[in-house]
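1. make a model of this:
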Amino acid sequence: MRALNEAWAVLKDEARRAQLDFASGTRGTGGGAGTPASGAASGPRRDDPNVPFWTGAHGPAPGRPHGSVLDFGIFAGWSLGEIMRRDRGYLMWLRDRAEGEPYAAEIARLLESSAAEQPEQRPYRRRS
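-> Here you go, the predicted structure:
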């Protein structure tokens with residue numbers, strides 16, 4: 001309930017809502033384009049009142065960065081490769097969103113390589 005109340009507080013406040021531009025994947029003047037993974041990306045500041053509380057909710061990146069680093073959403077500060085290793089479904093979701101448009105080709109490559117690595121599924125056969 002706390003999360004819903006805080007999200008509503010952001011959405012109903014015109015000034016705070018203006019700082020968020022989900023359609024373009026940007027937040028204020030921060031921009032939505034990722035930066036190359038260098039290990040130095042720390043994600044958004046948690047004390048910034050213009051940043052929703054859920055930004056970076058998955059905590060610090062686990063390491064071994066690979067690819068562009070997101071500066072928005074629950075995986076803020078994580079590279080696309082780190083997200084792929086932890087939550088493939090999030091990349092599938094991001095691929096279809098406006099915020100993911102700048103990363104579309106990179107996400108497609110990651111998902112294709114992941115699909116090629118998946119073991120072949122054999123149909124279940126009941127023993128008699």
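
2. lowest confidence element among the helices and strands of this structure?
-> strand 35-36 (a mean of 39; mean pLDDT, DSSP states H and E).

3. and the next element down the chain from that strand?
-> Per DSSP states H and E, the first helix or strand lying C-terminal to strand 35-36 is strand 68-69.

4. what residues does the helix or strand just after that next one touch?
-> Sequence order places helix 80-86 as the next helix or strand after strand 68-69, per DSSP H and E. Under the contact criterion C-beta atoms under 8 Å, 6 or more residues apart in numbering, helix 80-86 has outside partners 34, 37, 58, 61-70, 75, 78, 90-91, 103, 106-107, 110-111, 114. In short, each C-beta sits where N, CA and C put it, glycine included.

5. just the CA coordinates for helix 80-86, please, in PDB.
-> Extracted C-alpha coordinates of helix 80-86, given in PDB (Å, rounded to 0.1, in the frame of the first residue of the first chain):
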ATOM      1  CA  LEU A  80      21.700  -5.400 -19.800                       C
ATOM      2  CA  GLY A  81      23.900  -8.500 -19.500                       C
ATOM      3  CA  GLU A  82      23.500  -8.500 -15.700                       C
ATOM      4  CA  ILE A  83      19.800  -8.200 -16.000                       C
ATOM      5  CA  MET A  84      19.800 -11.000 -18.600                       C
ATOM      6  CA  ARG A  85      21.500 -13.300 -16.100                       C
ATOM      7  CA  ARG A  86      19.100 -12.400 -13.300                       C
END
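
6. so which bits of it are buried?
-> L80, G81, E82, I83, M84 (16 or more other C-beta atoms under 10 Å).
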